[in-house]
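Asks: just the structure for this:
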Amino acid sequence: MFFKTNSKINIKSVNVAFQSTFIFWGVTLLINGLFEMAQDKPLISNSFVIFYTGLAIFFLTKQIANHFNKKNNNGH
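Replies: I've put the predicted structure just below:
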């Protein structure tokens, strides 16, 4: 069930979403670490906020990339 291949998945959109999510997490954790070193407290103290924001960015980016990929494929 979990490892079935799905032909409806747009690999380009998923790759864009992966990259944007990991860039977001990397930059957020870097800024959070710098804040913690400079002010002895993190900017975002709850890790779940960072995690769920990253998941939201993943799904939104995937939908937006799907929209643009479909638009570009229909135009050509």
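Asks: against F48, how distant is G33?
Replies: For G33, the distance to F48 equals 18 Å [CB to CB, to the nearest Å]. The C-beta positions use only the backbone N, C-alpha and C, and glycine is treated the same way.
Asks: who has more neighbours, those two?
Replies: The neighbour count for G33 versus F48, taken as other CB atoms under 10 Å, is higher for G33 (12 against 8).
Asks: okay, and the more buried one sits in which element?
Replies: helix 11-39 (DSSP states H and E).
Asks: any buried residues in that helix, and which?
Replies: S13, V16, A17, S20, T21, F24, W25, T28, N32 (16 or more other CB atoms under 10 Å).
Asks: now render these as CSV, adding pLDDT and distance to T53.
Replies: Below are the buried residues of helix 11-39 laid out as CSV (pLDDT from 0 to 100; distance: CB to CB, whole Å):
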residue, pLDDT, distance to T53
S13, 89, 19
V16, 92, 17
A17, 93, 14
S20, 95, 12
T21, 96, 10
F24, 96, 7
W25, 96, 9
T28, 95, 8
N32, 94, 12
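Asks: can I get these in TSV with distance to A38?
Replies: Formatted as TSV, these follow (distance: CB to CB, whole Å):
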residue	distance to A38
S13	37
V16	33
A17	32
S20	27
T21	26
F24	21
W25	20
T28	16
N32	11
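Asks: from those, which two are the most distant?
Replies: S13 and N32 (28.1 Å; CB to CB).
Asks: what stretches of the chain score poorly on pLDDT?
Replies: 1-4, 74-76 (pLDDT under 70).
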